[in-house]
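>>> Could you work out the structure for the sequence below:
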Amino acid sequence: MNALEKILSYSKPYKYHYILNISCNFLHSLFSVLSIISISPVLSIFLKITDVKKENKTTFLNFLDGSFNFIQKYFHYYINILSEKYGKINTLGIFCIFIILLCFLRNTFRYLAEYFMIGIRTSIVRNIRNDFHRKILSIPTIFFYDKKNGDLMSRLSNDVNEIEVSIVNSLANIISSPIMVFFHLLTLSFMSYQLTLFTFILLPLMGTLISIIGKSLKKDARGAQNQLGELFSVVEETLNFTKIINIFNAGNKMQKRFEKVSECQKKLSARVNRKKELASPISEFLGTITMILIVWYGGKLFLEKKGMAPEILFSFVGLFFQIINPAKNLVNSISNIQKGKASAERIVEILNTKCFQHDQKKQLKSIFHFENEILFRNVSLIHNKLVLIHNLNFSLKKGKNIAIIGRSGSGKSTIANLLANFYEVSSGEITIDGINISYLKNKDYRKLLGMVTQEPVLFNDSVLNNIALGLEEKISISSVIKAAKIANAHYFIKKLPNGYDTIIGYNGNKLSMGQKQRISIARAVLKNPPIMILDEATSSLDIESEIMIQNSLNKMMKNSTSLIIAHRLSSNIIKNVDYIMILEKGKIIEQGPTHVLISKKGTYSNF
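So this is what the prediction gives:
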């Protein structure tokens, strides 16, 4: 399934809405044709060309000839009857009211067609956004290892908007325009098959030109969207690292970098839009040429007295004028879809990302308890040809605490991500109670895990909701307060403007680093998982905050099995662990209980 088919598949649930839309477009086209045809009998009142007796002899076979259709003949017949009964002026008024009624019905059904299509469009865009966000939550975390957040934001905002404008909105024209064109062409062919042939003269040329423009559009549009993602990434870096940029006077450098990307994006965007706008004037110009040919050839048939009556020529021209817009909309829609394909490919690239690398045919299992041990057996992780972890072997017994020590980049946090099943192992396996974690339901497995990271992650919500994050059952305030007290957070929370209901800002920016970390610990305490991952939880704190938080962590670790990650031995949190592993370049170079490592006088002693 290509990108366009994937996007169009989102319209399947709305087939009944499409039926309503098509029905309304059908009626709109019908009343549109009738409103133009009904002008011809009115013109006959002025031109005085209708012979009642002759018109009354019209048979159904006349419907198939080139003079005019069956309905038009009977219009002429009844207009003469009404003229004799009410007079020509009153008959003219009656038919004008009739035409107004037809126009009212035509526009009513046009609105209803759009009404149903708007519901389809907005629903499709909503579903694409929902699936995109759901996919981000479900795909392995390593997918984001070399992805830029700005590019992902650009896909979710600009690319989805481009899909709505260029593809989803074009669906309305793809559906309605052919109906309009078909009805009008059918009527035109019955009015004069000779004159109708002229409407097809430039169609091959028009289609070829628009096709060339459309293919060029797709290529340029993808480049423009990629550059827009790069632009978002630069903005994100500027917003996140404003302090560093200012302290090192790097503002001019960042501005030049932004302007360079912005200029490139501007050129590509201008090229895309210029080509897009070229389709409309080309189709209009070709339509004008066709119109002139119709007037010329129709006038020629009339002057040569070859069956072309004046009121038929006027009606024919009127109908053809009405066919120009839907035909132009159809051409533009095809061009827009080509432009939108680039955005569709960028969205579908994320939507089609596989959530798991293991055998999809195996049944995923549930897990509710941790009974014995977690085992890393010959575990390696390779990403983009870079070896992050190599042949790792160790066991984490229930109730025990293991510390992993190493310098930055040694692979410590990677082990934590592997344990949490954020990353999929390249080789080997990680088991919990003998079950490979790759074949467990992540939602169930992660209920057994808690994590406190170096950088606390908080949301722009209340303190209460941040501590109770992810807990589906209703949590009592007393339970939250108890967890906050264990984390040494209750006393500062009470002093906040609204206590536990205080909104703490984006990533908790209204709090100090130590306060944010204590709320993160309170969150882990409230969850009370059997397995705890502490990823350098105190490394970014001052000494006073570190001591306070270490005490909180020690309380929490008494009832759990813990994997502790630290980059220095001086951290008080690792003094009471059962086992220590020293990591370097993704390999364990030394391991054992503290007293054994001291006696060896190896890397541990010199760390």
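
>>> from here on, contacts and neighbour counts on C-alpha atoms
Will do.

>>> Count residues in the vicinity of Lys485, would you?
Residues near Lys485, counting by other Cα atoms under 10 Å, number 17.

>>> Same question for the one 3 residues further on.
By the measure other Cα under 10 Å, the count of residues near Asn488 is 21.

>>> And it, how close does it get to Lys555?
Separation of Asn488 from Lys555 (Cα to Cα, to the nearest Å): 10 Å.

>>> What residue spans form the domains of this structure?
Domain assignment for the chain by automatic domain parsing gives 3-351, 373-606.

>>> Make a markdown table from these and add distance to Leu364 and mean pLDDT to it.
Listed next are these as a markdown table, based on distance: least, Cα to Cα, whole Å; pLDDT from 0 to 100:
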| stretch | distance to Leu364 | mean pLDDT |
| --- | --- | --- |
| domain 3-351 | 15 | 72 |
| domain 373-606 | 5 | 83 |
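
>>> will you turn those into JSON lines that also has distance to Ser366?
JSON lines is the format used below for these (distance: least, Cα to Cα, whole Å):
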{"stretch": "domain 3-351", "distance to Ser366": "17"}
{"stretch": "domain 373-606", "distance to Ser366": "6"}
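
>>> With Lys365 as the reference, name the closest of those.
domain 373-606 (4.7 Å; Cα to Cα).

>>> need the helices for the stretch 301-450 of the chain, in chain order.
310-351, 412-419, 442-445 (DSSP state H, counting those that start in this stretch).

>>> I'd like those as JSON lines, with distance to Leu464 appended.
Output for the helices of the stretch 301-450 of the chain, formatted as JSON lines (distance: least, Cα to Cα, whole Å):
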{"stretch": "helix 310-351", "distance to Leu464": "33"}
{"stretch": "helix 412-419", "distance to Leu464": "27"}
{"stretch": "helix 442-445", "distance to Leu464": "23"}
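
>>> Make TSV out of the ones you listed and add mean neighbour count and distance to Ile475.
Formatted as TSV, the helices of the stretch 301-450 of the chain follow (neighbours: other Cα atoms under 10 Å; distance: least, Cα to Cα, whole Å):
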stretch	mean neighbour count	distance to Ile475
helix 310-351	21	34
helix 412-419	22	28
helix 442-445	16	19
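
>>> closest one to Gln515 among the ones you listed?
Closest to Gln515 of those is helix 412-419 (Cα to Cα; 22.8 Å).

>>> Is Lys267 inside a helix or a strand, and which specific one?
In the assignment (DSSP states H and E), Lys267 maps to helix 251-303.

>>> what do you get for Tyr491?
Counting by DSSP H and E, Tyr491 is part of helix 490-494.

>>> For that helix, buried residues please.
Neighbour-count burial for helix 490-494, counted by 16 or more other Cα atoms under 10 Å, picks out 490, 493.

>>> For it, what is the distance to the chain centroid?
41 Å (Cα atoms, centre = their mean, to the nearest Å).

>>> can I have that helix written out in CSV, keeping just the CAs?
The C-alpha trace of helix 490-494 is given here as CSV (Å, rounded to 0.1, in the frame of the first residue of the first chain):
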residue,chain,number,x,y,z
HIS,A,490,5.2,17.0,51.1
TYR,A,491,6.5,19.9,53.1
PHE,A,492,7.5,22.1,50.1
ILE,A,493,4.3,21.1,48.2
LYS,A,494,2.2,22.4,51.1
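
>>> neighbouring contacts of that helix?
463, 481, 484-485, 499-500, 515 (Cα atoms under 8 Å, 6 or more residues apart in numbering).

>>> If we use 10 Å, what do you get?
With contacts defined as Cα atoms under 10 Å, 6 or more residues apart in numbering, helix 490-494 is touched by 463-464, 480-485, 499-502, 515, 518-519, 522.

>>> circling back: which one, of the helices of the stretch 301-450 of the chain, ends up nearest to Lys88?
helix 310-351 (17.1 Å).

>>> before we move on, back to that, buried among the contacts of helix 490-494? Make that a PyMOL selection.
The buried residues among the contacts of helix 490-494 can be selected in PyMOL (16+ other Cα under 10 Å) with this line:
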select buried, resi 463+464+480+481+482+483+484+485+499+500+502+515+518+519+522
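
>>> So for Phe368, which of the helices of the stretch 301-450 of the chain sits nearest?
helix 442-445 (6.6 Å).

>>> Can you give the distance of the closest one from its chain's centre?
26 Å.

>>> which helices and strands does that helix pack with?
If you count contacts as 3 or more Cα pairs under 10 Å, 6 or more residues apart in numbering; DSSP states H and E, helix 442-445 packs onto no helix or strand.

>>> In CSV, please show the C-alpha coordinates belonging to that helix.
Output in CSV follows, covering the C-alpha atoms of helix 442-445 (Å, rounded to 0.1, in the frame of the first residue of the first chain):
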residue,chain,number,x,y,z
ASN,A,442,4.5,-3.9,27.2
LYS,A,443,1.6,-2.4,29.1
ASP,A,444,1.6,-5.4,31.6
TYR,A,445,5.3,-5.7,31.8
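
>>> ok, residues contacting it?
Contacts of helix 442-445 (Cα under 10 Å, 6+ apart): 138, 364-370, 420-422, 432, 437-439.

>>> go again using 7 Å as the cut-off
Outside helix 442-445, the residues that touch it by Cα atoms under 7 Å, 6 or more residues apart in numbering are 366-368.

>>> Also stretch 583-600?
So stretch 583-600 is contacted by 388-390, 392, 404-406, 410-411, 578-582, 604-605 (Cα under 7 Å, 6+ apart).

>>> hmm, which of the residues you listed are the buried ones?
Buried members of these, scored by 16+ other Cα under 10 Å, are 388-390, 392, 404-406, 410-411, 578-582, 604.

>>> between these, which is closest to Arg274?
Leu388 (47.0 Å).

>>> contacting residues for the closest one?
With Cα under 7 Å, 6+ apart, Leu388 has these contacts: 381-382, 411, 586.

>>> how about 8 Å then?
Neighbours of Leu388 in contact, by Cα under 8 Å, 6+ apart: 380-382, 411, 414, 585-586.

>>> ditto for Lys135
Counted by Cα under 8 Å, 6+ apart, Lys135 has contacts 350-351, 353.

>>> Switch these over to JSON lines; also include distance to Gln322.
Shown next, in JSON lines, are the contacts of Lys135 (distance: Cα to Cα, whole Å):
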{"residue": "Ile350", "distance to Gln322": "42"}
{"residue": "Leu351", "distance to Gln322": "41"}
{"residue": "Thr353", "distance to Gln322": "46"}
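
>>> In strands only, show me the contacts of helix 490-494.
Among those, no residue falls in strands (DSSP state E).

>>> mind exporting stretch 453-469 as PDB, just the C-alpha atoms?
Below are the C-alpha coordinates for stretch 453-469, written out as PDB (Å, rounded to 0.1, in the frame of the first residue of the first chain):
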ATOM      1  CA  THR A 453      15.900   9.600  35.600                       C
ATOM      2  CA  GLN A 454      18.600  12.200  35.900                       C
ATOM      3  CA  GLU A 455      16.400  14.800  34.300                       C
ATOM      4  CA  PRO A 456      13.000  14.700  36.000                       C
ATOM      5  CA  VAL A 457      10.100  14.600  33.500                       C
ATOM      6  CA  LEU A 458       7.100  16.600  34.600                       C
ATOM      7  CA  PHE A 459       4.000  17.900  32.800                       C
ATOM      8  CA  ASN A 460       2.200  21.200  32.700                       C
ATOM      9  CA  ASP A 461      -0.400  20.000  35.200                       C
ATOM     10  CA  SER A 462      -1.000  19.900  38.900                       C
ATOM     11  CA  VAL A 463       1.400  18.400  41.400                       C
ATOM     12  CA  LEU A 464      -1.300  15.800  42.200                       C
ATOM     13  CA  ASN A 465      -1.700  14.700  38.600                       C
ATOM     14  CA  ASN A 466       2.000  14.500  38.100                       C
ATOM     15  CA  ILE A 467       2.500  12.200  41.100                       C
ATOM     16  CA  ALA A 468      -0.500  10.000  40.100                       C
ATOM     17  CA  LEU A 469       0.600   9.900  36.500                       C
END
